[in-house]
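>>> give me a model of this one.
(chains A, B and C)
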Amino acid sequence: MATAAPPVQKTTIPFWRDTRILAVLFQVLFVIIVVGVLWFFYTTMMAGLRQANLLPSFAFLSQPASFSIGESVIAYDPSNTYGYALLIGVLNTIRVAIAGVILATIIGIILGISRLSENWLLRNVATVYVEIVRNVPLLLQLFMWLALTQTFPRQQDSISIFGLIYLHNRGVTMAWPVTGSDFGAWVPWLWLGLLAGIAFYVVRRIQFARRDRPGVAMPQAFLLAGAVVAIGYVFVGLSNGEWPLSLSIPELQRFNFVGGIGLTPGFAALLAGLVIYTSVFIGEIVRSGIQAVNKGQREAARALGLTPGQTLRLVIFPQALRIMIPPMTSQYLNLTKNSSLAVAVGYPDLFSIAGTTLNQTGQTVPVIMMVMAAYLTVSLVTSLFMNWYNKRIQLVER
Amino acid sequence: MATEVSQSQTRAPQPGIDVPGWLRKNLFSTWYNSLISVVLLVIVVQVVTGFFQWAFTTEGWIAAASNGRLILVGRYPAAELWRPQLALALVAILLGLSGGVWRGIAQALTIGFAGMMLVLTALWTQLPPANPPAPLTTELVLVGIAALVGGAYAAGRAGGERLRWPIIVGWFLAYPTIIMILQGFGGTAVPTNLWGGLMLTMLLSVSGIVLSFPLGVLLALGRRSSLPVVKFFCVVYIELIRGVPLITVLFMAQLMLPLFLPSEVRIDAVVRAVVAVTLFSAAYLAENVRGGLQSIPKGQVEAARALGLNVVKTTLLITLPQALKAVIPVLVGQFISLFKDTSLVAIIGLLDLLGVARAINTQPEWLGFPGGVWRETFFVVAVIYWIFSFTMSRSSRQIEANLNRGAR
Amino acid sequence: MKRQLLIVLVGALAMILAACGGQTPQAPASPAPADTVAPAAPADTAAPTATEAPPATTAPPAGGETQQPTPGGRIQTILTRGELICGVNQVLPGFGNVDSAGEFSGFDVDFCRATAAALFDDPTAVQFRPLTAQERFTAVQTGEVDVLIRNTTWTLTRDGSVGLDFGPVTFYDGQGMMVRIDSGIETLEDMEGATICVQSGTTTELNLADNFRAIGVNFTPQVFEDADQTAAAYDAGQCDGFTTDKSGLVSYQTKLAVPADHKILDVTMSKEPLGPSVLQGDAQWADAINWVVLATIQAEEFGITSENIGDFLTSDNPDIRRFLGVEGELGQGIGLPNDFAARIISSVGNYEEIYNRNLGPETPFNLPRGQNALYTDGGLLYSPPFR
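Numbering: from 1, shown residues only, chains lettered A, B, ... in the order given. From the prediction side, this is the model:
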C-alpha cells in the first residue's frame, strides 16, 4: 500500500480533513472490503468443493463427451471431447448471432425507413408493428415461435415451394449447391477472379490519387471478379461436361429429408425471435438517425435533382450511419447475448451445451467461468470491431 | 430511447374534407407508393380479419380464464388473497391521490388504472365461479378498488398542493409496506415460493427498478470518480456484467450462490432473483447515467465549485439532477427492458407471469384442444406485458415532452 | 422540479439501505466469515474417516424430540432451518408432478416427505425445489437442495466426479423408446435417419448416443432442456421417437394428445437404477437418507402399513420393536431419532403403499411391480437388517 503523501501544505490542516489523505484512506478501505468479500466467497466455495471432492479442474475438457448434438457447423461425433463439444456450442452461437445480425439489420433498416415514409398506411403499419413487438418479452416471443413451428404440417404434408424449399414442423429444408467432382478445376478461376478484382481496384485507386479526385472503384472491381469467376464456371462446365457445383435437392426419405440443407425448428424459432425483436430496436435507431440528419441536406439533394431514393441512399444514409453505429453495436451485442435463450427452444448453443457438460462432469465452476469468458470475449471483440469501424466512418468526414 | 421527434405531417382525413385528395397525397403519390399501399392493405385486412375470426371462434380462452388466479398471483394461498388485494388497494389510493394532485400523466394513469379494474370486473363476471368461493368475490374487490381510485382522486383534487409531500412519502413507504403485507406481516407467513404470476413479475420489476436505480447512479459516479481504485472497480463491474447474458447471472444466483455462502445462510429464491436482476440492470443504468453526466458542460461544475460547494454537494445538487433529467427517457427504456427481462426467471424455475403461462399450457385438462391452448394463454400474458411496458414508454414520452417544454 | 428530483434521488438511496436492512435477517451469518468458515475446514479432513459416524454424545431423545446430531453436518443445518429442501421433478406425473393447485405429488415426492417425517415427525416440513434434469446436480453440489430425489440414475460418474452420494435404489428402470404406431418402427435398427427427442442432462441422452453407435444406426437428436417440451415436440411430430426411462414413457404416454397412437418398443436400452442422492462428503446425512429408504422396504417386508402400525408398536418381536424404535437406539447412529421408521410408516406408509399410491393399479399408469418387488416376491428390493 502506498503510504499517504506527507503533508506539504503551509497551513496545517488536520489530516482527517485533508481530502488527499482521506481519498487514499477511503480507497484502501474500499480495496480491503472488496478483496475481503471476494476472498470470503472464494474460501467458502473452495471449502465446500473440497469437502465434496469436487475441486475445479480442466481435465474433463480432453475426455470424450459421449452425448450427441443435434446440429453443428463442423462435424461432431459423441466420441469427440468435451472441449470440442463446447467449441461446437461457440460456433452454433456465432452462427445464429451472425445470421441474426445480418437479417435484423436489413429488416431494421426497412422498418426505420417505413416509419418515416410518406405513405400513411406504411408508416402506421410499421408503427403498430414496432409498438407490438418491442413491448413483449423476447422469451415469450421465442416460446410462441417454437410453439408455432409445432403447428406446421408434418413432413409428409410439407408445404413445398417449387420443390426447392419445404416447410414442415421439423424446420425448413431447402435446396443447396454442393461441390461436384469438377470443383477442383474451378478453384484456380476463383483465385484468378479475386486477383483480377484486387488488381483492378488498386490500379484505379492509384489513378484517382494521381488525379487527386474522388472516385468509386469497388463496384467495378466486384463486377470484374464476378465476370472472371462466371466465365471460369462456364468454361469448366463446358469443357468437362459436368458443372463444378450442383444443386442438392431435398427428398423425403423414410424419416427425414435427405439432401439440401435444413434449419431445425429450434434454430428457426430462435432466429425468427431474435431477428424480429432486435430489428424493431434497430428500426428505431435508423429512424432517429435519419431524423437527426440536417433537413437542409435533404432539400439540397432534392434541389440537385436526386430522386428520393438516391437522396436517401447517397446523402442521408451515409450521414445517419455515423450517429447510428454506437447504438447499433449495443443492439448487435444484445442479440448475441440474447441468443443464450436458445436453451428455451432446444437449439444447442454455447449455454445449452455448457449446461449438459457441467451436468455430466460436475465441473460447474470451470464450465460457467468458460461460458462467461466466451461471451465476454465475443462482446469485447465486437465492441472493438465496431469501434474501429466507427472511427473509419468518422474519418470520412472532412 | 427512441423519441417521437417528428410529428406526423399528415392526419387521417377529416369527415367531409377532400378524401380523394388526401388519399392521393398519402397513399397513391407515386406508382410504388400505390403498390405498397395496395399490398399492405391486403395484408392488413387479412391479418385483422384472421385475428378476429380466431379470437371469437377459439374455445381455448377457457384455459387462461379458469386459471385467472394463477396468472394474477401464482400459487398464493386462497385464504390469504386479501393480502395482495390490500396491497393493490394501497397502490390504488396512492395513485388516485397522485392523479388528483398532479394531474397530467398521473391523472391519465389513474384513469387507465380505474378503467383496467372495470374491464377486469367485466371479464371476471364471465368466468366460472371460483372454487372454493372466496369470502369476497373478485368482482366486488375489483369494483371496490376502482371506487377507491375514484375516491382518492377526488380527495386529491380537494386536498391539492398540501398533499404533495405526504403522497411522495407515501410512495416511498408503499414498497416496504407492500412487501410486509405480502410476506405475512401478522397472521401466517406466506413463503415466497408460493408467490407467482403477475404479482411476482411486478414485484421483481419494481424491486429491480427501485434497487438498481441508486446502485446504477453510484456505479456511474464511481466510474467517473477521480479515485483510481473505485474507478477501476466500477469499470470492471460494469463491463463484466454487460458482457455476459442475463441468463448466466440468473443461473449463478439461483444455483451457484449457495456455493459462495456458508451452508447455514440461505437466501430466499425470490430475493436472489431480485438481486440478480438488480445487479444486472444496475450496470446498464450506470452507462446511461454516465452518458447524462458527460453531457453536462464543464462550466456547471466549475461554477458550483467557485460558489464554494464541495464535491459531494456539486454532484448531488448540480450535476446529478441535470444528468438524470437528460437521461430520463433512456432510464425508462432501461426499466422497460428490466420489466421484460424478469420473464427470464421462468427458465430458472420461478413461476412468474411467463412461467405461469407455460404451466397452464401443460395442464392435462387442455390436451383435448387441437393444437393446444398456447396461443390463447400466451396471447393473454403477452397483452398483460404489453399494457405495462406500453404504459411506461408512453409516460416517459410524456415526461420528456413536459421537460422539454419546461426548458424552453 | 429540481428539488423534487433531488428528494426522489435521496429517497431512492434511503430505499436501498432500507431494503438491505430488510434482507439482513435472512443472511445473519455473513458478518462473521471467520467463524463460519473455520468449522468447514476441519470438517473436510474429518470427512474421509467419518464413514462410521460416532454416535452423538447427547442423551437419547425423549419421546418425539429431535436429537442433536454431530454439529456441522447437513442434518444440523436442516434441523435448525426447520424444513427439508428436496430437489424434485415437477413435470413427471407419477414421480414428481405439481398439479394446478400447486400441490406436489408422486413417488419421488413421497420419499421427500418420508425424509421430512423421519427428521421432524412432520411430512409437510419439506420445501420442494423443482429442478430440470440439467440443473439438478449443480443444485446438489452447491447445497441449493439437501437431497435430490428426482428420478435420477445411479452411475459411477455421478457417484464420483459429479460429487454425489447415492442412496439405495428406489426404482429399477430401463430406458425405452416410444414411437408412433403408424411409423412401422419395430426395433431400434429400423430408426436409421430418424430424429429422436431426448431431454438434455440425462443418462438417457448418453445411452441413446451409445446404443445407436453400437448398432451403427445414424440418428438426429432433438434435445430440449425441459421434459414437457420434449414430450410436446414428439407429440407434434417433430421427432420420430421419444426416449426416456420406461416408467417415464408410460407416464408421458398418458399426457399425449392421442395416447393410443403410440407404442413403447420392446427394447430396454440400459439399466436405470433410480435413487436419492446427496452431496458427497457428509457420511452421516447420506446414511440417514439410505436408511429412510430402506425403512420403507423393511416395513413392507414386515407387513407394517400406515394403517396397522398401531398393532405392531405393541409387538413382542424384538426385530420389529427395534425397527419401530420401541427399544434400542438404532436411529442415533445415523443422526435420526430412534423411532424414525415408525414416523415414516405412520405418515407416508411403506414402500408398497408409496408405490401403489403413485404408480399402482389404481393410478393411470398401472405399472406392474416387476423388478421393484421385494426379493421374497422375486424382485430386487432387499433391505439390510435393522440392528
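>>> thought residue C:94 was touching residue C:106, still the case?
Yes: Residue C:106 is within contact range of residue C:94, at 5.8 Å (criterion: CB atoms under 8 Å). C-beta coordinates here come from the backbone N, C-alpha and C atoms, glycine included.
>>> what residues do those two have in common as contacts?
When contacts are counted by CB atoms under 8 Å, 6 or more residues apart in numbering or on different chains, residue C:106 and residue C:94 have residue C:358 as shared neighbours.
>>> contacting residues for residue A:250?
Applying CB under 8 Å, 6+ apart, the residues contacting residue A:250 are A:166, A:173-175, A:257-260, A:262.
>>> which one of these is nearest to residue A:14?
residue A:262 (76.5 Å; CB to CB).
>>> is the residue nearest to the closest one when sequence neighbours are not counted in a bridge, and if so with what?
Excluding the flanking residues, the one nearest residue A:262 by CB to CB, 6 or more residues apart in numbering or on different chains is residue A:173, at 4.3 Å. In this entry, residue A:173 is beta-bridged to residue A:166, residue A:262, by DSSP bridges.
>>> can you read off the pLDDT for residue A:173?
The model reports residue A:173 with a pLDDT of 85.
>>> now do residue A:284
92.
>>> helix or strand: which one has it?
Per DSSP states H and E: residue A:284 is located in helix A:265-292.
>>> same thing with residue A:73?
Counting by DSSP H and E, residue A:73 is found in no helix or strand.
>>> so which of the contacts of residue A:250 is the most crowded?
residue A:173 (26 neighbours; other CB atoms under 10 Å in any protein chain shown).
>>> quick one: secondary structure of the nearest residue to residue C:147 once chain neighbours are set aside?
Closest residue in space to residue C:147, ignoring its immediate chain neighbours: residue C:278 at 5.1 Å, by CB to CB, 6+ apart. Per DSSP: H, G, I helix; E, B strand; the rest coil, the secondary structure class of residue C:278 is strand.
>>> how distant is stretch B:67-75 from the center of its chain?
18 Å (CA atoms, centre = their mean, to the nearest Å).
>>> show me what that stretch is in contact with.
Outside stretch B:67-75, the residues touching it (CB under 8 Å, 6+ apart) are B:64, B:76, B:78, B:81, B:84, B:124, B:127, B:130, B:138, B:194-200, B:351-353, B:356-357, B:359-360, B:363, B:380-381, B:384, C:100-102.
>>> now do the buried residues in it.
Neighbour counts using 16 or more other CB atoms under 10 Å in any protein chain shown place B:67-75 of stretch B:67-75 among the buried residues.
>>> which other helices and strands contact the helix holding residue A:284?
helix A:82-115, helix A:120-134, helix A:138-150, strand A:171-174, helix A:317-338 (3 or more CB pairs under 8 Å, 6 or more residues apart in numbering or on different chains; DSSP states H and E).
>>> what are the boundaries of the helices in the stretch 301-408 of chain B?
Assigned by DSSP state H, counting those that start in this stretch, the helices in the stretch 301-408 of chain B fall at B:311-313, B:320-326, B:328-341, B:353-361, B:374-407.
>>> the fourth one - contacts with which helices or strands?
Translated: helix B:353-361. For helix B:353-361, the packing partners by 3+ CB pairs under 8 Å, 6+ apart are helix A:138-150, helix B:61-66, helix B:68-73, helix B:197-223, helix B:374-407.
>>> quick check: mean pLDDT of that helix?
87.
>>> for the second one, same thing?
In this model, helix B:320-326 carries a mean pLDDT of 86.
>>> ok, it near chain C or not?
Yes: using CB under 8 Å from any CB of the partner chain, we find that helix B:320-326 touches chain C at B:320-321, B:324-325.
>>> mind checking pLDDT for residue 69?
Defaulting to chain A. 87.
>>> sorry, should have said chain B
Residue-level pLDDT assigned to residue B:69 equals 82.
>>> follow-up on the earlier one: mark which of the residues of helix B:320-326 next to chain C are buried, thanks.
The buried subset of the residues of helix B:320-326 next to chain C - by 16+ other CB under 10 Å - is B:320-321, B:324-325.
>>> can you pull the residues of the stretch 151-300 of chain B lying near chain C?
Near chain C, when you scan the stretch 151-300 of chain B using CB under 8 Å from any CB, you find B:168, B:172, B:175-176, B:179, B:191, B:193-194, B:207, B:210-211, B:213-215, B:217, B:254-259, B:261-268, B:271.
>>> quick check: PyMOL command selecting the buried ones in these.
Selecting only the buried entries of these in PyMOL, with 16+ other CB under 10 Å as the criterion:
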select buried, chain B and resi 168+172+175+179+191+193+207+210+211+213+214+215+217+254+255+256+257+258+259+261+262+263+265+266+267+268+271
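>>> ok, which of the residues of the stretch 151-300 of chain B next to chain C also contact chain A?
B:255-256, B:259, B:261-263.
>>> between which two of these is the distance greatest?
Maximum distance among these (CB to CB): 17.1 Å, for B:255 and B:262.
>>> so what's residue 189 up against?
Just so you know, I chose chain A. With CB under 8 Å, 6+ apart, residue A:189 has these contacts: A:228-229, A:231-233, A:235-236.
>>> wait, chain C was what I had in mind.
C:215, C:217.
>>> how is chain A carved up into domains?
For chain A, automatic domain parsing gives the domain ranges A:5-51, A:82-175+A:259-393, A:183-245.
>>> which of the ones you listed is buried the deepest?
Neighbour counts (mean count of other CB atoms under 10 Å in any protein chain shown) averaged over each of the domains of chain A peak at domain A:82-175+A:259-393, with a mean of 20.
>>> please consider this matter closed, and thank you.
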